[in-house]
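J.: Coordinates for the following, if possible.
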Amino acid sequence: MRKFGFGLIGFFYLATLCFASCSKDNSEPEAELVVSTNQLTFFKDGETKFFHVKSNIPWTISSTETWCTVTPAIGSKGTVKIEVTVLTNATTTPRTATLTVTAGSLSEHLNITQDESILLTVSEDKFNVELIGGELTIQVQSSGTYEVNIDDEWIIQASGSNATTQKFDIATNLALGERTGTITFSLGYVSTTVTVTQEGQPLTIPADNTGMSSNAVALAAKMKVGWNLGNTLEATSVNNGVYSANETLWGNPKTTKTLIDGIKAAGFNAIRLPCAWSGYIDNVETHHIKDSWLARVKEVIDYCVDNDMYVIINIHWDGGWLENNPLYSQQGSINEKQKALWEQIAVYFRGYDEHLLFAGTNEVHFDYNTPTAEHVDVQQSFNQTFVDAVRSTGGKNATRNLVVQAYNTNITFAKNLMTMPDDAAGITDRLMVEVHFYDPYEFTLQEGSTKYLWGADFAGSPNTPTWGQEAWVDEAFGIMKTEFVDNDIPVILGEYGPMFRSSLTGTALTNHTQSRNHYLNYINKAAKENGLITFYWDSGYTGDGGSGLFNRASGQPFYPDAIEAIISVFD
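T.: Model prediction:
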């Protein structure tokens, strides 16, 4: 009995376990539905994208819109890749659809969004404009508010433009040869570009003597006293043959009319604008100068001419390609570039009257020693190329007064080595010579020099150079008078001026200030007596070692005593 009883209890226990197990195996599995995303976005042109469905039971997919279809639309257990295809949206509004994925009692929704078909068209995408410019009208159709972007300053969006009619003012093309600009209309992901091609100035036009009555001697008599806008329009850097340039690159602010007004108010009536060009070339094969840079130089010229001032522009240092290579091996390529640049410069500015002068180069030199015959010959070929290029453009350039340089703009080399270039047929009196004067170097330019005094008042001082004093100024300027001025060739003293050593203190600073002012006064007196027109070199820097006389931002005198030392000679 005891054995039987144990066995019966075990039987019922086992039966209970079996029933429970069998009941579990025969139940429905728990439903599962996973959709990999809940949103897809499509471009207006239509496309196909994908998502995934994971389920352990059969499923279906339905779409609320016929333009949005799925493949496959039904499936069973597992993970399935679903292909969603959207047709092109031809309407100008966005549209949406909803995909519903159903598995048993479960469902998931997927939102479909498609971009509108943007309307943006223009009446024409190419325009040819005459060199005189004028108004350009473009009709626009669009489905929304669009943006207008212009890539050139000579195309300006005009007043009177609206959503359907865009008007643009096209400036006169002063440049040599045609130019091309673009106007781009953009709305969302759609853009359309209009190309504007404008006729350019011809290289040569008939001579025009209007406003050009003064020959070199007469014009020089009108140019009383000058000033250099130094370290500004010529600011350039060169790295491995690659040029970069910016008006503010060397620390001076962008030149304003306020500054030029201040220079005129101080008593100067002539300005030399040292200019660089290579950093603004957009085609190295043709040496084409960017129109925007020519326009900027013109803007500064106009500040001066509007003040009834005389202006000289040149090719100044410019990275050294011209200035440092008076060599036969470089002569051909340099003259080719010199010609190309001066043809462009001369054409762009040939409408100015005699208030504007061109100067071909700056301080062309191989080194600072006595030049060889090769150096002089090549340097003078640069002068000839300059004169020929300018004269070839005609207009007012046919008789414009031009400035040519002595080798390294050195007075001794001018006397001993300079030959004037040939001018155009019938032009015999429209050339001037340029030299510079920074003697004695220890006083004017040498950093760290202890020679900070100058003139008879400080003769014999250990801080006074033993050369380059008043007698040498008289002799040097007398040479230029005898060699050139007396032969009806005016002389431009294109640069002069000592640095100011403001770090000195006490008596040393007082005596240095006296020396600088005496130097400035004496240079101008001697120049005036010998017929030279002076242009003070203002570097813009007014701190220690600088030669700035004005606050470049305000146009106000920074060193009024030094300015007075110069201007008082001409009062």
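J.: Look up the closest residue to Pro58, ignoring the ones flanking it.
T.: With sequence-adjacent residues excluded and distances taken as CB to CB, 6 or more residues apart in numbering, Pro58 is closest to Ser76, at 5.0 Å. Where you see a C-beta, it was placed from the backbone N, CA and C, and this is true even at glycine.
J.: elements contacting the helix or strand hosting Thr412?
T.: Secondary structure assignment for Thr412, by DSSP states H and E: helix 411-417. Applying 3 or more CB pairs under 8 Å, 6 or more residues apart in numbering; DSSP states H and E, one finds that helix 411-417 contacts strand 431-437, helix 470-483.
J.: Now render these as JSON lines, adding distance to Gln331.
T.: As requested, the helices and strands packed on helix 411-417 are arranged in JSON lines below (distance: least, CB to CB, whole Å):
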{"stretch": "strand 431-437", "distance to Gln331": "21"}
{"stretch": "helix 470-483", "distance to Gln331": "26"}
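J.: which one of the ones you listed is the most hemmed in?
T.: Mean neighbours per residue, mean count of other CB atoms under 10 Å, is largest over these for strand 431-437, with a mean of 24.
J.: Glu30 versus the residue nearest to Pro58, what's the distance?
T.: As for Ser76, its distance to Glu30 is 17 Å (criterion: CB to CB, to the nearest Å).
J.: got it, and Gly200?
T.: Relative to Glu30, and taking CB to CB, Gly200 is found at 81 Å.
J.: the more surrounded of these two?
T.: Gly200 (16 against 7; other CB atoms under 10 Å).
J.: re the thing from before, how about the contacts made by the residue nearest to Pro58?
T.: Ser55, Ile57, Pro58, Trp59 (CB atoms under 8 Å, 6 or more residues apart in numbering).
J.: got a winner among those for most neighbours?
T.: When those are compared by neighbour count (other CB under 10 Å), Trp59 ends up highest, at 25 neighbours.
J.: Now do the residue lying closest to that one once chain neighbours are set aside: how many residues are near it, please.
T.: Once flanking residues are discounted, Trp59 sits nearest to Ala103: 4.0 Å by CB to CB, 6+ apart. When neighbours are defined as other CB under 10 Å, Ala103 has 23 of them.
J.: can you tell me how far Ala103 sits from Val473?
T.: Counting by CB to CB - Ala103 and Val473 are separated by 103 Å.
J.: and the protein, what are its domains?
T.: 33-114, 120-198, 215-441+466-501+535-570 (automatic domain parsing).
J.: For the last one, measure first residue to last.
T.: The reference is to domain 215-441+466-501+535-570. 22 Å (CA to CA, to the nearest Å).
J.: if we can go back for a sec, point out the most buried one among the domains of the chain.
T.: Taking mean count of other CB under 10 Å, domain 215-441+466-501+535-570 is the most buried of the domains of the chain, at a mean of 19.
J.: Please state the offset of that domain from the chain centre?
T.: Offset of domain 215-441+466-501+535-570 from its chain centre (CA atoms, centre = their mean, to the nearest Å): 21 Å.
J.: mean confidence for it?
T.: With pLDDT averaged residue by residue, domain 215-441+466-501+535-570 scores 98.
J.: same check, this time on stretch 182-201
T.: Mean predicted confidence for stretch 182-201 is 96.
J.: Find the centremost residue of this protein, please.
T.: Residue closest to the average C-alpha location in the chain (CA atoms, centre = their mean): Asn246, at 5.6 Å.
J.: now it: how far from Thr232?
T.: 10 Å.
J.: Could you export the domains of the chain to a markdown table, including columns for distance to Thr510?
T.: Listed next are the domains of the chain as a markdown table, based on distance: least, CB to CB, whole Å:
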| stretch | distance to Thr510 |
| --- | --- |
| domain 33-114 | 78 |
| domain 120-198 | 50 |
| domain 215-441+466-501+535-570 | 12 |
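J.: Out of the ones you listed, flag the one nearest His512.
T.: Among the domains of the chain, domain 215-441+466-501+535-570 comes nearest to His512, with 5.5 Å by CB to CB.
J.: My read is that Ile82 contacts Thr69, right?
T.: No: counting by CB atoms under 8 Å, Ile82 sits too far from Thr69 to count as a contact (10.7 Å).
J.: Quick check: pLDDT value at Lys44.
T.: Per-residue pLDDT puts Lys44 at 88.
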